[in-house]
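Undergrad: Here is the input, now give the coordinates:
(2 chains)
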Amino acid sequence: MNELALAAFAAATGAHVVGERPGFGRFRRRFDAAAYEARLRALGVRFLARSDPAFPPLLRAIHDPPPGLFLRGETPVELLARPAVAIVGARACSSYGSGVARSLGRELAGGGLVVVSGLARGVDGEAHRGALDAGGSTVAVLGCGVDRDYPAAHAELARRIVTGGGLVVSEYAPGVEPAPWRFPARNRIIAGLAAATIVVEARERSGALITADLALDEGRDVFAVPGEITSALSAGANALLCLGATPLTSSADVLELFGLSAEPIGDGPDGDAGAILALLADGSASTDQLVRRSGLAPEVVAAALVELELAGLASTADGLARAMPR
Amino acid sequence: MLARAITHALVGLEPRRVEVEAHVHKGLPGFTIVGLADRACQEARERVRSGVAAAELSWPGVRITVNLAPAELKKEGSGFDLPIALAVLAASRQIPPESLESHAAVGELALDGRVRRVGGVLAVAEGATRCGIDKLLCAAESCAEAALAGIEPVPVRHLAEAVAYLRGERRPEPCERGNGRVAARAGPDLGDVRGQERARRALELAAAGAHNLLLAGPPGTGKTMLARRLPGILPPLADAEALEVTRIHSVAGLVSLQHPLIDQPPFRAPHHSASTAAIVGGGPGLRPGEASLAHHGVLLLDELAEFARPSLEALRQPLEDGEVAIARAAGRVVFPARFQLVATMNLCACGARGDPAAECSCSAQRLAAYRDKLSRALLDRFDLVITVPRPRAVELAAPRGEPSAVVRERVLGARGRLAAGGLRRTAEADELLTRAVDRLPLSGRGRARVARLARTAAALAGAEAVGAEHVAEALSYRSPAELRA
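TA: Okay, the predicted model is just below:
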């Protein structure tokens, strides 16, 4: 169990270790693999070594794959080898970003893909939630030990991921604290697990762009969701588009890449809800604007928006309603 | 020689009978007040002595002891001046002692002998009526207030007037009973609000169902303006409610002279620097707080997130039980506090979130810290949560909105239908509610809240039953993800 010793060595020295280092020989001679594994079992954590045939081939193919992955959750490790797509973006995202991340997570997971992200606030969390909404599987890659709930606000989300047929994974041994320099390293695993990476919303110097760069380095597909050119929150995603990333305008763009087809688009809603959805095609609007444009009473518009929201066709945030991509 | 006057002390809002005993006996001249009198009450000595002199009566040049019984009850305030003066005068036989038996008295004395009004006269008058006393000597300004308790107030402007009345030399003046209901309503009108259809609808629902309302949104969008217009569309208070509200305001010294009866829902808007005691009541004098002053009315907390967290959490008990129980070593006081809570807040610390014309500069941590200021338990108590967007220029140029009087008529109709009961959910409405619980983050309490709000929506629409459209509308007011931590 060379890899396990390496991961334990990294945890013990507080360093990020991919290859052998001075001092590792001595550590390895004293390392009690059986006792360490017993401790992992007590924590309910599994270790998947790089040498294991079940190790995801896409991740093995990157130029600096981790020695192994620590896994939290009972889901079979074959999940990691299934076709996967990464959804990443800003933590302080706009309501547009969170709405798009949620609906992409929902539709891609519903289409049969595994949604990979980093469990961070903002876009990451919404992507996981979207996948769970669709009853799909999702994988969260952490920049700390899998026994840590980081960020603390997403402890409940992490629990739902592992009970919902997903996994929480990390290259770091249990007990390793989150540190700023570990997150870029974590991003290479997100990009490595996925055949395609989608950047939803990113500032100019965002961690999501690091993930996209890593994905490009490995020759994976990179999609970017176009944003408003006036918003600093879209600068990163729009810059990626200039560099040649594929613009993502609907989940079908991604599903096609995997040879999957989107669920057939049924007839849209009729009646008041249909009228409101048609108005939302012109862009986001507040309830008051919809009341004036549709000539309907405010209570009717409110009810129609809830109907659209339950059908996954619209979302409301910060007082603005917007249509969701299909 | 001994004489006795009767008055009432207040424990919270509860009047307790206090007998003011005066004993005049031989000894070194002196004046002592015993019976747990506080500072203001002890100072009565000086006011009473110069008041008696100003009324051209003689101050007994002997030893005077005044006892406020029961001795273990703490007496606070200056309302004991008048009964103390009368007891001393009766003990020195300047007025017939038996004349005090059928009268209660309350009032503060000025150094020139005039009688000043004090707070809590309504509660004192009620206490006196309960003891079977039918006349209350009080300041002329307090008469209208005392008359609300069904007692016969005897207005006295000066100590000399009280003495002349008790000696039977003077008939009491008829007092003004300004207790009719006020027809006109003061306060801002909903007609001033242009556009803001959704917020207006939310106000109407809140008024019809007495729901708590949270208005969120960027600064300058009219949240406070809207909130201040809620009292104007609420129905007037019933007689019993009006008396209850007046009693609380009387103890706080807040009733008007001409129209002491408060028959419109009160409106209180404490500043966000308010202490916990200022909001729920308490403090050394056990005074009612803003929550109790807003009883049967509206408590507006402007900039909710700026309030100290303990003050907000203290509101959870009154929001649940409709009363504040304050326990002190000396005892326990219960103030009624069944108010409707209306609050406003921004969506983030910098305030730009939700404003299409500005960009929020808050980091993820700062945003989370701002949202953490409000506990989930408190947010759960708001039946209606809406985001007020920045109005566009076209809306501000729009004609005036519906005036408050028209909306109030609809609210009154809905309240009647809600009180009649019998509004049940249809099968479609139940199905939608179940689907929503599966799909949206909705707790058990959230589900009950949506059901309650849907009932109000149905009552406003004059529907026979709660339909799916009412449940759908109610779902649109649940607290959005951006307010939840």
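
Undergrad: And the pLDDT at residue B:484?
TA: On pLDDT, residue B:484 comes in at 57.

Undergrad: Okay, now the unreliable bits of chain A?
TA: Judged by pLDDT under 70, chain A has its weakly predicted residues at A:1, A:18, A:262-268, A:326.

Undergrad: Could you tell me which residues of it lie near chain B?
TA: Selection of chain A residues close to chain B by CB under 8 Å from any CB of the partner chain yields A:91-92, A:95, A:98, A:121-122, A:133, A:153, A:231-233, A:286-289, A:291-292, A:298-307, A:310, A:316-320. To be clear about C-beta, it is placed using only N, CA and C from the backbone, and glycine gets the same treatment.

Undergrad: In chain A, where's the longest helix?
TA: If you go by DSSP state H, chain A has its longest helix at helix A:95-110.

Undergrad: that older thread, mark which of the residues of chain A next to chain B are buried, thanks.
TA: Among the residues of chain A next to chain B, those classed as buried by 16 or more other CB atoms under 10 Å in any protein chain shown are A:91-92, A:95, A:98, A:121-122, A:133, A:153, A:231, A:233, A:286-289, A:291-292, A:298-307, A:310, A:316-320.

Undergrad: Start from the N-terminal end of chain A and give the helices.
TA: Using DSSP H, helices in chain A cover A:2-13, A:24-30, A:33-43, A:57-60, A:95-110, A:123-133, A:155-163, A:182-193, A:207-217, A:235-242, A:251-257, A:271-280, A:287-294, A:298-310.

Undergrad: now the stretch 51-200 of chain B
TA: B:81-91, B:121-130, B:143-147, B:159-166, B:197-209 (DSSP state H, counting those that start in this stretch).

Undergrad: What's the local residue count around residue 210?
TA: Assuming you mean chain A. 20 (other CB atoms under 10 Å in any protein chain shown).

Undergrad: meant chain B, my bad for not saying
TA: 16.

Undergrad: likewise residue B:303?
TA: Residue B:303 has 15 neighbouring residues, counting by other CB under 10 Å.

Undergrad: is it true that it touches residue B:344?
TA: Yes - using CB atoms under 8 Å, residue B:303 makes contact with residue B:344 at a distance of 6.5 Å.

Undergrad: Who is the closest residue to chain A within the stretch 301-450 of chain B paired with across the strands?
TA: Closest residue of the stretch 301-450 of chain B to chain A, CB to the nearest CB: residue B:387 (3.1 Å). Beta-bridge partners for residue B:387, by DSSP bridges, are residue B:216.

Undergrad: wait, it sits on residue B:344?
TA: No - counting by CB under 8 Å, residue B:387 stays clear of residue B:344, with 11.3 Å between them.

Undergrad: any common contacting residues for these two?
TA: Contact criterion CB atoms under 8 Å, 6 or more residues apart in numbering or on different chains; residues shared by residue B:387 and residue B:344: residue B:216.

Undergrad: quick one: which helix or strand includes residue B:41?
TA: helix B:39-42 (DSSP states H and E).

Undergrad: Contacts for that helix next, please.
TA: Against helix B:39-42 from outside (CB under 8 Å, 6+ apart): B:33, B:68, B:75, B:76, B:77, B:78, B:80.

Undergrad: Pipe these into CSV and attach neighbour count and pLDDT per row.
TA: Shown next, in CSV, are the contacts of helix B:39-42 (neighbours: other CB atoms under 10 Å in any protein chain shown; pLDDT from 0 to 100):
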residue, neighbour count, pLDDT
B:33, 21, 93
B:68, 25, 93
B:75, 24, 88
B:76, 19, 85
B:77, 19, 84
B:78, 19, 88
B:80, 32, 94
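
Undergrad: which one among those residues gets closest to chain A?
TA: So of the contacts of helix B:39-42, ranked by how close each gets to chain A (CB to the nearest CB), first place is residue B:76, at 48.6 Å.

Undergrad: ok, now which ones touch that closest one?
TA: Applying CB under 8 Å, 6+ apart, the residues contacting residue B:76 are B:9, B:10, B:38, B:40, B:41, B:285.

Undergrad: For residue A:89, see how far away the residue positioned nearest the centre of chain A is.
TA: The structure's chain A has its C-alpha centroid closest to residue A:117; by CA atoms, centre = their mean the separation is 2.1 Å. Look at residue A:117 and residue A:89: by CB to CB, to the nearest Å, they are 9 Å apart.

Undergrad: shared neighbours of the two, which are they?
TA: With CB under 8 Å, 6+ apart, residue A:117 and residue A:89 have common neighbours A:123, A:124.

Undergrad: circling back: dump the contacts of helix B:39-42 to CSV, plus distance to residue B:2.
TA: What follows is the contacts of helix B:39-42, written out as CSV (distance: CB to CB, whole Å):
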residue, distance to residue B:2
B:33, 15
B:68, 14
B:75, 20
B:76, 25
B:77, 25
B:78, 24
B:80, 18
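
Undergrad: In strands, which of the residues you listed fall?
TA: Using DSSP state E, the members of the contacts of helix B:39-42 that fall within strands are B:33, B:68.

Undergrad: So which of the contacts of helix B:39-42 is the closest to residue A:177?
TA: Residue A:177 lies nearest to residue B:76 out of the contacts of helix B:39-42, by CB to CB, at 57.7 Å.

Undergrad: Output the lowest mean pLDDT helix or strand found in chain B.
TA: Each helix and strand of chain B was given a mean pLDDT (mean pLDDT, DSSP states H and E); the minimum falls on helix B:393-396 at a mean of 72.

Undergrad: Which positions within that one qualify as buried?
TA: Neighbour-count burial for helix B:393-396 [16+ other CB under 10 Å]: residue B:395.

Undergrad: Likewise for stretch B:404-413?
TA: For stretch B:404-413, by 16+ other CB under 10 Å, it's B:404, B:407, B:408, B:410, B:411.

Undergrad: closest point of the stretch 51-200 of chain A to chain B, which residue?
TA: For the stretch 51-200 of chain A, CB to the nearest CB, closest residue to chain B: residue A:91, 4.0 Å.

Undergrad: got it, and chain A?
TA: For chain A, CB to the nearest CB, closest residue to chain B: residue A:319, 3.1 Å.

Undergrad: Return the backbone torsion pair for that residue.
TA: phi 80, psi 0 (degrees, to the nearest 10).

Undergrad: what's the neighbour count on the closest residue to it other than its chain neighbours?
TA: Among residues not flanking residue A:319 along the chain, residue B:387 sits closest, at 3.1 Å (CB to CB, 6 or more residues apart in numbering or on different chains). For residue B:387, the count of nearby residues is 26 (other CB under 10 Å).

Undergrad: same thing with the one 4 residues further on?
TA: When counting by other CB under 10 Å, one arrives at 20 neighbours for residue B:391.

Undergrad: Just to be sure, it is in a helix?
TA: No - using DSSP: H, G, I helix; E, B strand; the rest coil, the assignment for residue B:391 is coil, not a helix.

Undergrad: What pLDDT does the model give the closest residue to it other than its chain neighbours?
TA: What sits nearest to residue B:391 in space, not counting adjacent residues and going by CB to CB, 6+ apart, is residue B:195, at 5.0 Å. Looking at residue B:195, its pLDDT is 83.

Undergrad: Run through the residues that contact residue B:195.
TA: For residue B:195, the contact set (CB under 8 Å, 6+ apart) comprises A:288, A:292, B:391, B:392, B:395, B:396, B:398, B:401.

Undergrad: What is the burial count for the last one?
TA: By the measure other CB under 10 Å, the count of residues near residue B:401 is 19.
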